[in-house]
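# After the sequence you'll find the predicted model.
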Amino acid sequence: MTDKQLDAGDLDALVLRELSRLPVFGPSRGFADRVVARVRRPQPVPVVLLRRAGAWVLRPSRAVSLAAAYAVCVAVGLRLAVPWLTAHAPAFSFVTSWVSTQAKAALDVAALTVASWAVELGAADAIHSAANAGPRLWAALAALTIGYAACVYGLRVLLRAPRRKDALASAL
Amino acid sequence: MPTAKDLQSLGDREVVALAKAGKETAYRELLRRYERPVFSLIYRMVRDRALAEDLAQETFIKVLNALESYRPEYKFSSWVFKIANNAAIDQLRRREVDTLSLDGAPDARTPDEVEATALQATDRHESPLAELESRELGSQIEHAVGKLRPEYRTAILLRHVEGRSYEEIAEVMDLPLGTVKTYIHRARLELREYLAHLRT
């Protein structure tokens, strides 16, 4: 092909043809994995906002300013709150004692309701009989524990398998 | 969730939408579509395989991390090539790179590797001698392309190797359409000059 005489048009056509036939090169194996590993995945909006707020706050100059502002707020708050609490101590203690009495009464009512419901359902008898059947209870607990441990071990083995496969694939 | 096979039938915009939602299969599909053309363009620009791989990696990380800022009215391929071309041009401005033979991939160490990565001429139905000549010609053209100015090189590679339209090349290079046509015309004239010895 190159031995014969070529005019400018032939040469141009030849160049264009050969350009279109140039090979497409590819990056090395694992290129896509390396890229994907370094890509930041989109995160839910609250997470992004929290991360941005954290990054904004954690800048040294801002962190110092915010800490100083916080300290000033606490000092001013205490300066106002302590005299007020001192001045209103009797009223404050009356309200506190009334709230605690009401809460205790509500708790007593709730405990009585639960106890009477348990007696009505026969749960108290069941617990009593279970306490008498000690060996069977221990056997059931042991079986439950062994079953749980077996499940944990099985899951661990199942989750490990693909990792080994990946390691083999990347080694090849 | 669409599988990798399902994604192959989707257009770039749909795949980008899925990637924006954080689907890893969509990231991988975009990489599968563009890793070779982008790598080839960068490799032919900087002519250093390791460097080209680093730049291609940076290009894709930049593209995939900035998908939120991608505007669907532009072609995704133009956007990717634009980022790749900018990375290559920046690199060329930073350092002068040596030209090297592309008879086989530069990292090919054994004759088999050289053979496997060399210019492919097997589908041309030519005689072994014609194949050999053609392969030699391809190598000379690679060298001639390497001598072009970076702007001409980008334009001619995108047009005649990647088969992109003039409009897309103008978008990639951020140049007016007329300038792109001029670049490609001049690049072809220069290639003809570099390969003038073939006429004798």
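Arrived safely, thanks for sending. Numbers count the residues shown, from 1 in each chain, chains lettered A, B, ... in the order given.

# give me the residue from chain A nearest chain B.
A:Leu19 (3.9 Å; CB to the nearest CB). Placement of C-beta: from N, CA and C, glycine included.

# what sits against the closest residue to B:Ile89 other than its chain neighbours?
Leaving out its chain neighbours, the residue that sits closest to B:Ile89 by CB to CB, 6 or more residues apart in numbering or on different chains is B:Pro150, at 5.7 Å. With contacts defined as CB atoms under 8 Å, 6 or more residues apart in numbering or on different chains, B:Pro150 is in contact with B:45, B:88-89, B:92.

# if we go to 10 Å?
B:45-46, B:85, B:88-89, B:91-93 (CB atoms under 10 Å, 6 or more residues apart in numbering or on different chains).

# how close does it get to B:Asp90?
10 Å (CB to CB, to the nearest Å).

# in the chain, which helix or strand is least confident?
By default, I'm working from chain A. Within chain A, no helix or strand scores below helix A:123-132, which has a mean of 73 by mean pLDDT, DSSP states H and E.

# um, chain B though
Result, chain B / mean pLDDT, DSSP H and E: helix B:111-117, a mean of 53.

# B:Ile169 versus B:Gly178, what's the distance?
With CB to CB as the criterion, B:Gly178 and B:Ile169 are 12 Å apart.

# hmm, back to that, quick one: the least confident helix or strand of chain A to chain centroid distance?
Distance, stretch centre to chain centre, for helix A:123-132: 41 Å (CA atoms, centre = their mean, to the nearest Å).

# can you list the domains in chain B?
If you go by automatic domain parsing, the domain ranges for chain B are B:1-98, B:109-200.

# ranking those domains by mean pLDDT, which is last?
Mean pLDDT is lowest for domain B:109-200 out of the domains of chain B, coming in at a mean of 78.

# residue ranges with poor pLDDT in chain A?
A:1-6, A:8, A:130-131, A:161-172 (pLDDT under 70).

# how many other residues sit next to B:Glu136?
14 (other CB atoms under 10 Å in any protein chain shown).

# A:Asp33 too?
13.

# That one in helix, strand or coil?
Under the three-state scheme (DSSP: H, G, I helix; E, B strand; the rest coil), A:Asp33 adopts helix.

# Not including adjacent chain positions, what is the nearest residue to A:Arg38?
Closest to A:Arg38 by CB to CB, 6+ apart is B:Ile61, at 5.1 Å.

# So the one you found versus B:Tyr27, what's the distance?
11 Å.

# Distance from the chain centre to the host helix or strand of A:Trp98, please.
In this assignment (DSSP states H and E), A:Trp98 forms part of helix A:89-121. Put simply, helix A:89-121 sits 37 Å off its chain's centre (CA atoms, centre = their mean).

# For the chain, just list every one of the helices.
Picked chain A for this. Secondary structure of chain A by DSSP state H: the helices cover A:8-20, A:31-37, A:45-57, A:60-87, A:89-121, A:123-132, A:134-171.

# my question was about chain B
B:4-8, B:12-20, B:24-46, B:49-65, B:76-94, B:111-117, B:128-147, B:150-156, B:166-173, B:177-194.

# Please tabulate the ones you listed in CSV, including the columns distance to A:Pro60.
Supplementary listing: the helices of chain B in CSV, determined by distance: least, CB to CB, whole Å:
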stretch, distance to A:Pro60
helix B:4-8, 45
helix B:12-20, 34
helix B:24-46, 35
helix B:49-65, 26
helix B:76-94, 32
helix B:111-117, 52
helix B:128-147, 49
helix B:150-156, 42
helix B:166-173, 42
helix B:177-194, 48
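
# Smallest gap between chain B and chain A, at which residue?
For chain B, CB to the nearest CB, closest residue to chain A: B:His160, 3.9 Å.
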